[in-house]
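Asks: predicted coordinates and the sequence they were generated for:
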Amino acid sequence: MSQAYDPTTIETRWQQSWLKRRTFAVANPGDAEFDAGKPKYYVLDMFPYPSGSGLHVGHPVGYIGSDIVARRKRMDGFNVLHPMGWDAFGLPAEQYAIDRGQHPRETTRENTENFRRQLRLIGLSYDWDREINTSDPAYYRWTQWIFAQLYDRGLVYSADRPVWWCPECKTVLANEEVINGRCERKDHPCVRRPLKQWMFRITAYADRLLEELETVDWPESIKSMQREWIGRSEGAEIDFPLEGLDGESLTVFTTRPDTLFGATFMVVAPEHPIVQRLTTDEQRDAVERYVEAAVNKSDLERTDLAKEKTGVRTGGFALNPLLPADDPAARIPVFVADYVLYSYGTGAIMAVPGHDERDFEFAKQYDLSIIEVVRPPEGTPGLDDGVCFTGHGTAVNSAPIEGKPTPEATAETIRLLGEQDCGRPKVTYKLRDWLFSRQRYWGEPFPLLHREDGTVLRVPDDQLPVELPEMEEFTPSADGSPPLARAEEWVNAKDPETGAPARRDTDTMPGWAGSCWYWLRFMDPHNADAAFSEEAEKYWGPVDLYIGGASHAVLHLLYARFWHKVLFDLGVVSQAEPFQKLFNQGILTAPAYKDETGRKVPSDEVRPEGEGYIHEPTGRAVEQITANMSKTLRNVINPDDVIAEFGADTFRLYEMFMAPLADGRQWDPQGISGCRRFIERVWRLVVGKDEDGPPVRPDLLQEADGEPTGPTLELERQLNRALKRVDDSFEQFNFNTAIAAMMTFLNEAVRCPEALTRSQAERLVCAMSPFAPHVCEELWSRLGHETSVCYAPWPQADAKHLIDDEFELVVQVMGKLRGRARASRTADKAELERLARETVAEQLAGKQVVKTIVVPGRLVNFVVR
């Protein structure tokens, strides 16, 4: 039988073996196989939505990284929980099914089968016994149960909200799913419309979501994004009486109440109910036109993306509550402007253009007065220099607080407002309550019943799950009503308390629901009596390492933390935070092309010509760029194709070798062959070069006697240096350096293969096994082991071999490198000079050495004439 390296045969054999033997299955406390003597390690990938297109080569970057960690931890003696499942409910899955003319249950089954096949093909060491699917009634029974716990605690309520509606998708979208007024998924134009929705009172947990970020080991950039999203602000609410509207006032929130005397205009959001009453007849047409245009812009368009602030006078005025009514400065014009959001604060602001950049721009644009009320510290530019100063300083032009530094001026202003009963201290948040309803079919039904008297009753626990009805026609309704409303037999239910008629809620939960607690179900996925057992959660929680893309920095992580904290308060989980360490892998890009207008063109329509590229349909030159892989650009690379050509181990190595795990990388098909050559060289080093020979070199089946000497000692030193670098790579997950270290050792080993010992071969195989597990399982088996390399002890670097008795002596002539030599660290200057002369004898021939510079441990330099 040929002993040539054959990845297809080897990888298929070991993948089947792992599955059959349940190599990566791990027991729970209470199970007969559970080993209580081992510490635990829970490493989790953000589980995927199983799309119809399957994986491309960018998706497995994080999966391979987490798999390397999981394999290493098993070798370190941990009980490792490393599961995988499917985030299968939601709009993308339903839309895919509609586009295919199939039921989402069927397309989800097909897609998960394909994803599972691909992940196994890559050799990922998941515990497949724990596989979950969020669209499985056995799973969403507990999603509904958790929703019910939030409902019972008053954290769920129904409210009319202006929401984004996509007429094409026929569903409500969250603000984050609308970009520039268009649906994120399909780029359809969206409109605002009022709709009654189920809401989560996530704002009740705002402070804890903020404060407890400090207890987790997450990238600072992710923490900053969460802090910004929560947006906690301390300040004051101020009530401004409205001229001509007796008894009515306009309430604003400000973090700088000390600047009240610099307020020269006010702004209200277009949706603010006061707009209609405040607007004068002369301004009504202009205001109504402006409001109509504004309400169909996204929040991002109205704030961050707006290059120019726009607004319209209402014709109405507010009065500064701390100035006498007859003071001309007390009368403040009110504008309506879309850069103020009704969903943030009170939907109105007092504008202080002297000390707020946004107000400064608006005031200059509309020729409004700008007053300095905070004098900058000496040497800091201010209004006198044409600069809007926004920092702390000294109050000026503010009679009651004149001369006070900002902190004192702020406190005194709040006191004065309270004394006048026109203001109060206040903490606000950017965070809004979470809109949790979708008018689609493919999602978790709400476990709620609507009685005839209008009251709402939640379905009792013993009647869960409320399963989705079978519907052949499940597409969204043209009028926006939920598809479930058409399932009349399902909708018409009985009140479990009275037996009276009741109607099921016909909205479904959003795609976020199932991913808000899935890490907990992985701990105990087959429990039919509870979402998970107390013993399993206490043992496995929290997740030790959570790996996923930074695109989930805010929403998924924020929602997941919210649900987890509610469960913690209920005593259902033992930890306040779900994920102790978070790591974001870099994005893998691929070549793409754009024309002179900046429009990206499909890659398969481009051909090289000379030193450039031509877009064949138009004949125009295009520029090569890098971009995320997408079906639209036709630059998607399927890992199946790469594995068929090179093998899964080569694919895994290349994905990690391109860059540190946290960094971006670009797919280069020319680079992967080097990783394949590396594996083949390791194979020949252990098996031998004779393809018709024995399964392994016979000398490697023998144990070496005594301490290593000569070339074997040098290999031992090189191996330990490599093991140290491999170990170090796990600190920041810079696995490219680990692979480079093993390549360096291999270069030394193939120079004198006869010096390699069995122990050295075994340690190389063990260190390499998390990265290229299939070939290492095969080599480990051929070296005589009957158990899996996955549970072999992790090879530790021996400190005594990290100290080299020799060093590389650099030899220079007239300061230029002319040679190198190995020298003993104990050699004196005379010995180093002798060795150096021998090394560059040819360059010194016929020359007079006038000076010799010896730097022990480093170099010898000859000065000649």
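Replies: It's in.

Asks: from here on, just use CA atoms for contacts and neighbour counts.
Replies: Will do.

Asks: so what's the closest residue to G671 other than its chain neighbours up against?
Replies: Nearest non-adjacent residue to G671, counting by C-alpha to C-alpha, 6 or more residues apart in numbering: Y654, 7.7 Å away. By C-alpha atoms under 8 Å, 6 or more residues apart in numbering, the contact list for Y654 reads G671, I672, C675.

Asks: looking at those, which is nearest R284?
Replies: Lowest distance from R284 to the contacts of Y654 (C-alpha to C-alpha) belongs to G671, with 65.9 Å.

Asks: leaving out the residues flanking it, which one is nearest to L723?
Replies: A797 (5.4 Å).

Asks: wait, a strand at that neighbour?
Replies: No: if the criterion is DSSP: H, G, I helix; E, B strand; the rest coil, then A797 is coil and not within a strand.

Asks: which secondary element of the protein has the worst mean pLDDT?
Replies: helix 299-302 (a mean of 68; mean pLDDT, DSSP states H and E).

Asks: can you name the next helix or strand after it?
Replies: strand 312-319 (DSSP states H and E).

Asks: just the CA atoms of that next one, as CSV, please.
Replies: Below are the C-alpha coordinates for strand 312-319, written out as CSV (Å, rounded to 0.1, in the frame of the first residue of the first chain):
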residue,chain,number,x,y,z
VAL,A,312,-37.9,75.4,9.9
ARG,A,313,-39.2,78.1,12.3
THR,A,314,-42.5,77.2,13.9
GLY,A,315,-43.2,80.8,14.6
GLY,A,316,-43.7,80.0,18.3
PHE,A,317,-41.6,81.1,21.2
ALA,A,318,-40.5,79.6,24.6
LEU,A,319,-39.5,81.5,27.7
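
Asks: for the helix or strand just after that strand, what is the average pLDDT?
Replies: Following strand 312-319 in sequence order, the next helix or strand is strand 331-336 (DSSP H and E). On average, the pLDDT along strand 331-336 is 97.

Asks: neighbouring strands - and their directions - for the next helix-or-strand element following strand 331-336?
Replies: Counting by DSSP H and E, the element after strand 331-336 in chain order, helix or strand, is strand 348-351. If you go by DSSP bridges, strand 348-351 pairs up with strand 265-268 (antiparallel).

Asks: contact partners for the closest residue in space to Q718 that isn't next to it in sequence?
Replies: Of all residues not flanking Q718 in the chain, F745 sits nearest, at 5.9 Å (C-alpha to C-alpha, 6+ apart). When contacts are counted by C-alpha under 8 Å, 6+ apart, F745 is found next to L715, Q718, L719, A722.

Asks: likewise for T626?
Replies: Listed by C-alpha under 8 Å, 6+ apart, the contact partners of T626 are T589, A590, P591, A592, Y593, Q666.

Asks: from the residues you listed, which land in strands?
Replies: Judged by DSSP state E, the contacts of T626 include T589, A590, P591, A592, Y593, Q666 as members of strands.

Asks: list buried residues within the contacts of Y654.
Replies: I672, C675 (16 or more other C-alpha atoms under 10 Å).

Asks: which of the contacts of Y654 lies closest to D495?
Replies: Among the contacts of Y654, and counting by C-alpha to C-alpha, the member closest to D495 is I672, at 63.3 Å.

Asks: that closest one and T650 touch, don't they?
Replies: Yes: the criterion here is C-alpha atoms under 8 Å, and I672 meets it with T650 at 7.2 Å.

Asks: which one's the longest helix in the protein?
Replies: Secondary structure of the chain per DSSP state H: the longest helix is helix 710-732.

Asks: which elements pack onto the one helix or strand F678 maps to?
Replies: Using DSSP H and E, F678 falls within helix 672-687. The contact analysis (3 or more C-alpha pairs under 8 Å, 6 or more residues apart in numbering; DSSP states H and E) places helix 672-687 against helix 648-657, helix 735-751, helix 773-782.

Asks: redo the ones you listed as CSV? Include distance to K631 and mean pLDDT.
Replies: Output for the helices and strands packed on helix 672-687, formatted as CSV (distance: least, C-alpha to C-alpha, whole Å; pLDDT from 0 to 100):
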stretch, distance to K631, mean pLDDT
helix 648-657, 21, 98
helix 735-751, 29, 97
helix 773-782, 31, 98
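
Asks: for R232, which of the ones you listed is the nearest?
Replies: helix 735-751 (38.3 Å).

Asks: list the buried residues of the closest one.
Replies: Neighbour counts over helix 735-751 (16+ other C-alpha under 10 Å) mark F735, N736, T737, A738, I739, A741, M742, M743, F745, L746, A749 as buried.

Asks: using a markdown table, lay out those together with distance to D727.
Replies: Formatted as a markdown table, the buried residues of helix 735-751 follow (distance: C-alpha to C-alpha, whole Å):
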| residue | distance to D727 |
| --- | --- |
| F735 | 10 |
| N736 | 12 |
| T737 | 10 |
| A738 | 8 |
| I739 | 11 |
| A741 | 10 |
| M742 | 11 |
| M743 | 15 |
| F745 | 15 |
| L746 | 17 |
| A749 | 20 |
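
Asks: for the residues you listed, which one is nearest E842?
Replies: For the buried residues of helix 735-751, the nearest to E842 is A749 (30.7 Å; C-alpha to C-alpha).

Asks: dump stretch 408-423 to PDB, keeping only the CA atoms.
Replies: Taking Å, rounded to 0.1, in the frame of the first residue of the first chain, the C-alpha atoms of stretch 408-423 are listed here in PDB:
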ATOM      1  CA  GLU A 408     -20.400  74.700  40.800                       C
ATOM      2  CA  ALA A 409     -22.300  76.600  38.100                       C
ATOM      3  CA  THR A 410     -24.100  73.300  37.100                       C
ATOM      4  CA  ALA A 411     -25.100  72.500  40.700                       C
ATOM      5  CA  GLU A 412     -26.300  76.000  41.400                       C
ATOM      6  CA  THR A 413     -28.400  76.100  38.200                       C
ATOM      7  CA  ILE A 414     -30.100  72.800  39.100                       C
ATOM      8  CA  ARG A 415     -30.800  74.200  42.600                       C
ATOM      9  CA  LEU A 416     -32.300  77.400  41.200                       C
ATOM     10  CA  LEU A 417     -34.500  75.400  38.800                       C
ATOM     11  CA  GLY A 418     -35.800  73.300  41.600                       C
ATOM     12  CA  GLU A 419     -36.400  76.400  43.700                       C
ATOM     13  CA  GLN A 420     -38.500  77.900  40.900                       C
ATOM     14  CA  ASP A 421     -40.200  74.500  40.300                       C
ATOM     15  CA  CYS A 422     -39.100  74.500  36.600                       C
ATOM     16  CA  GLY A 423     -36.500  71.800  36.600                       C
END
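
Asks: the helix holding F678 vs helix 773-782, what angle?
Replies: Using axes from the mean of the first three to the mean of the last three C-alpha atoms, to 10 degrees, one finds that helix 672-687 and helix 773-782 are set 10 degrees apart in direction.

Asks: any idea how far helix 672-687 is from the chain center?
Replies: Remark: helix 672-687 is offset 34 Å from the chain centroid, using C-alpha atoms, centre = their mean, to the nearest Å.

Asks: any buried residues in it, and which?
Replies: For helix 672-687, the neighbour count (16+ other C-alpha under 10 Å) marks 672, 675-676, 678-687 as buried.

Asks: what mean pLDDT does it have?
Replies: Averaged across helix 672-687, pLDDT comes to 97.

Asks: contacts for that helix, please.
Replies: Against helix 672-687 from outside (C-alpha under 8 Å, 6+ apart): 3, 5, 646, 650-651, 653-654, 694-697, 700, 743, 746, 749-750, 753, 761, 775, 779.
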